[in-house]
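Visitor: pasting the sequence and the predicted coordinates here, then a few questions.
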Amino acid sequence: MLSWLLNLPRSFKRIILVCADIGFLMFSLVVAYFLTQNGSMVSVPDIALSFAISLPITLFIFTKLGLYRAVIRYIGQHALGAVLAGIVSSAFVLTLLFAVFHVEDKGNLIFVYALIALLTSGGSRLLARMFLVQRNNAHKERVLIYGAGSAGRQLALSLFNGEQYHPVLFVDDDATLQRSTILGIPVGNPVHIASLAKAYSINRVLLAIPSVGRSRRRDVLDKLEELPVPVQSIPGMSDLVDGAMRIDELQDVKIEDLLGRDAVSPKLKLMHANIRGKVVMVTGAGGSIGSELCRQIIHYEPKSLILFEISEYALYSIEQEISSIISKEQLDIELLPMMGTVQRRSRIETVMKSFSVQTVYHAAAYKHVPLVEYNVVEGVRNNVFGTWYAAEAAIAAGVENFVLISTDKAVRPTNVMGASKRLAELVLQALSQRQSYTRFCMVRFGNVLGSSGSVVPLFREQIRRGGPVTVTHKEIIRYFMTIPEAAQLVIQAGAMGQGGDVFVLDMGEPVRIADLAKRMIHLMGLEVKDAQHPNGDIEIRYTGLRPGEKLYEELLIGENVRQTDHPRIMAADEICLDWSEMMPLLQELDHHCHHFSVKSIIQLLRNAPAEFFYQEAPSDLVYNVTNSQATDELTGPTLLVDNVAKPAVMNEVEAKLAP
């Protein structure tokens, strides 16, 4: 019966409500008459006539005030105000009609009538609303909101009107709010959150503390980690203020909240130094770091921004995004999307000269360790020669500042990617000694959260699929930083460069990847499956270190480090080569790349002052295939690709692979 009633068309529901109000008003008048007139039947015809005349007026007022347009389930103060206004008007009309029909001394009757009508007509709607809300909430997920402040209250109101979550409990650190009730929801003490979650049958915890710092959020997450329910968060305050997201758009807990690292406000003088009023170029503009650099740069008033990118799709995506921001914020910036590779010096030099580039942020690089191990020649070509060609182009074009985005893997590298980035640093240091107009510097930092290949989205997807979560080694440790913070610090470090500087960003505390995986599993409301918990939900599987991967990363080669004007930027004094030493090394490296001599490339990187510690057999895919083919062709001992005397089959393969 109830389902049938609820599924009726709105027009039929309105008719039922009108009929109910007529019944309530008639009932109210009858009850009021017997309560105030002591059973006297005097003036009954006049009272009945007056009521019959006032009834349509009352219903008309109800209708005009929108009472019958209000949905009972979401009825609010406006609808109750309409009931009150309609009944007061009805009492006023009755008073006038009683005067017209000479019905005397009926003030008590009208007052009691109005009171009962308000209780029946308005109270019935409130009772119906309570019943429907309870009926609706029975199918919702019961949630606890951490934070009973403004954001928590707004979230609760949004969830009340939604169809998915039912807020049943607040917890808040403010002792003045504890043991009180807000919006009909009790407020508890976070100290007792585990017992409260069990007592209230909580299925999910929602964080509503958008304005607190990350260190405080981390403390809160530490309390919530052991709860057997998923934890989600509302958007940050900046997203709410900008209108980019609504308060009820729930998100998984961000990894930066787990790290507990609060960002430092940028120094505007440093942010403006190499950007304001200048022509700025970003190579690798479509990548993780390059694209964030572009987003940051346009807010510091450059004259022009050149997006230099080899990938057509990546260039299109970042150009569309930056163009949209420029249009929305009405920025006076010329945006120039340029397609090209840093391995072609003539192209990049022409671009720099044509647009009179003044500042270059060189983010173009191949940075995935295993992929560079599988593609040694191309990795070295892009990371070493791409940097060299871009730097020579910058010198020829009269560029003022050139900032290389480096990596912590360049410090005592154990893989080709790290060694190639260290060699790129040596190239810039040597060029800085060769000339003085273009200021070269490099900024070295660790992993950034959310970049392509980051473990965080990979872990999250593996957890959602039911596992296993794959970690290469139980003891592997990495530094992490958010992409926006990294980009800001890169810009500020670049402004401090004097020539040949190596800047190192303060990455905070290192993170054990296995612990990170466990925390993500717990905060998604699941349990790690291991020997102690054989019935757990998600297994962590250790797959072994990948080619070139090491257990921990470093940021400094030596102990010669000094603090700069920025608390999170350090400067390192490290060994470098003179250009007269660097040039022969590059020529020899170019020769080996041209002839696809993988072992010779690796040996040359070992001999360079890069402290390259590489003990594995080469993992380059083409090298292994050609080496295998040579072995199949020959009898006797295996000949390596780099041997001077090569069989005919090897020469054929190299001829096909030569550029």
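Guide: Nice, thanks for sending it over.
Visitor: how is this structure carved up into domains?
Guide: 2-136, 141-253, 268-572, 592-657 (automatic domain parsing).
Visitor: now do the end-to-end distance for the third one.
Guide: Read it as domain 268-572. End-to-end distance for domain 268-572, by Cα to Cα, to the nearest Å: 24 Å.
Visitor: I'd like the average pLDDT over that domain.
Guide: For domain 268-572, mean pLDDT is 89.
Visitor: going forward, count from 713.
Guide: With the count now opening at 713, the last piece we talked about shows up as domain 980-1284.
Visitor: tell me how far it lies from the chain's centre.
Guide: Relative to the mean C-alpha coordinate of its chain, domain 980-1284 is positioned 18 Å out (Cα atoms, centre = their mean, to the nearest Å).
Visitor: ok, the second one next?
Guide: Relative to the mean C-alpha coordinate of its chain, domain 853-965 is positioned 19 Å out (Cα atoms, centre = their mean).
Visitor: and for the first one?
Guide: Distance of domain 714-848 from its chain centroid, counting by Cα atoms, centre = their mean, is 53 Å.
Visitor: deepest of the domains of the chain, which one?
Guide: domain 980-1284 (a mean of 19; mean count of other Cβ atoms under 10 Å). Backbone N, C-alpha and C define where each C-beta goes, glycine included.
Visitor: who's in contact with stretch 803-814?
Guide: The contact list for stretch 803-814 (Cβ atoms under 8 Å, 6 or more residues apart in numbering) reads 758-759, 761-763, 765-766, 769-770, 815-816, 818, 822-823, 825-826.
Visitor: give me that answer again for 10 Å
Guide: 741, 755, 757-759, 761-767, 769-770, 773, 815-819, 821-823, 825-827, 829-830 (Cβ atoms under 10 Å, 6 or more residues apart in numbering).
Visitor: restricted to helices, list the residues you listed.
Guide: Counting by DSSP state H, the part of the contacts of stretch 803-814 found in helices is 741, 757-759, 761-767, 769-770, 773, 819, 821-823, 825-827, 829.
Visitor: how about the closest residue to E1013 other than its chain neighbours, phi and psi?
Guide: Distances taken as Cβ to Cβ, 6 or more residues apart in numbering put R988 closest to E1013, at 4.7 Å, once the chain neighbours are dropped. Dihedral pair for R988: phi -60, psi 120, per degrees, to the nearest 10.
Visitor: residues contacting R988?
Guide: 980, 1012-1015.
Visitor: and the residue lying closest to I1107 once chain neighbours are set aside, how far from T1119?
Guide: With sequence-adjacent residues excluded and distances taken as Cβ to Cβ, 6+ apart, I1107 is closest to T1150, at 5.1 Å. T1150 sits 22 Å away from T1119, going by Cβ to Cβ, to the nearest Å.
Visitor: assign a three-state SS to M993, would you?
Guide: Going by DSSP: H, G, I helix; E, B strand; the rest coil, the secondary structure assigned to M993 is strand.
Visitor: for it, name its beta-bridge partners.
Guide: Beta-bridge pairing for M993 (DSSP bridges): I1018, V1072.
Visitor: what ranges do the helices span in the stretch 863-1012 of the chain?
Guide: 905-911, 926-936, 949-954, 967-971, 980-985, 1000-1009 (DSSP state H, counting those that start in this stretch).
Visitor: closest one to K1186 among those helices?
Guide: Nearest to K1186 among the helices of the stretch 863-1012 of the chain is helix 967-971; the distance by Cβ to Cβ comes to 18.8 Å.
Visitor: avg pLDDT for that closest one?
Guide: Per-residue scores along helix 967-971 average to 67.
Visitor: once you drop chain neighbours, what's closest to S762?
Guide: Using Cβ to Cβ, 6+ apart, the nearest residue to S762 is L809, at 3.7 Å.
Visitor: oh sorry, the question was meant for G1212
Guide: S1144 (3.5 Å).
Visitor: so which other helices or strands are in contact with whichever helix or strand that neighbour is part of?
Guide: Assigning secondary structure by DSSP states H and E places S1144 in helix 1128-1146. Using 3 or more Cβ pairs under 10 Å, 6 or more residues apart in numbering; DSSP states H and E as the contact test, the elements touching helix 1128-1146 are helix 1081-1086, helix 1088-1092, helix 1098-1108, strand 1113-1117, strand 1151-1156, strand 1213-1217, helix 1291-1306, helix 1310-1319.
Visitor: what's the angle between the helix or strand where I1034 lies and strand 991-995?
Guide: Secondary-structure assignment from DSSP H and E places I1034 in helix 1024-1041. Between helix 1024-1041 and strand 991-995, the angle comes out at 140 degrees (axes from the mean of the first three to the mean of the last three Cα atoms, to 10 degrees).
Visitor: residues contacting the helix or strand immediately after helix 1024-1041 in the chain, please?
Guide: Using DSSP H and E, the helix or strand that directly follows helix 1024-1041 along the chain is strand 1046-1051. Identification of contacts with strand 1046-1051 by Cβ under 10 Å, 6+ apart yields 991, 993, 995, 997-998, 1006, 1010, 1014-1024, 1027-1028, 1030-1032, 1034-1035, 1037-1038, 1059-1060, 1062-1063, 1066-1067.
Visitor: mind doing that once more with 6 Å?
Guide: If you take Cβ atoms under 6 Å, 6 or more residues apart in numbering as the criterion, strand 1046-1051 is touched by 1016-1020, 1027, 1031, 1034-1035, 1063.
Visitor: about what we covered before: can I get the helix holding S1144 as PDB, trimmed to CA atoms?
Guide: Extracted in PDB, the C-alpha atoms of helix 1128-1146 (Å, rounded to 0.1, in the frame of the first residue of the first chain):
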ATOM      1  CA  VAL A1128      71.400   3.400 -17.000                       C
ATOM      2  CA  MET A1129      68.600   6.000 -16.500                       C
ATOM      3  CA  GLY A1130      70.300   7.400 -13.400                       C
ATOM      4  CA  ALA A1131      73.800   7.300 -15.000                       C
ATOM      5  CA  SER A1132      72.400   9.100 -18.100                       C
ATOM      6  CA  LYS A1133      70.900  11.800 -15.900                       C
ATOM      7  CA  ARG A1134      74.200  12.200 -13.900                       C
ATOM      8  CA  LEU A1135      76.100  12.500 -17.200                       C
ATOM      9  CA  ALA A1136      73.600  15.200 -18.300                       C
ATOM     10  CA  GLU A1137      74.400  17.100 -15.100                       C
ATOM     11  CA  LEU A1138      78.100  16.900 -15.900                       C
ATOM     12  CA  VAL A1139      77.400  18.200 -19.400                       C
ATOM     13  CA  LEU A1140      75.700  21.300 -18.000                       C
ATOM     14  CA  GLN A1141      78.400  21.800 -15.400                       C
ATOM     15  CA  ALA A1142      81.100  21.700 -18.100                       C
ATOM     16  CA  LEU A1143      79.100  24.100 -20.400                       C
ATOM     17  CA  SER A1144      78.800  26.500 -17.500                       C
ATOM     18  CA  GLN A1145      82.600  26.600 -17.200                       C
ATOM     19  CA  ARG A1146      83.000  27.100 -21.000                       C
END
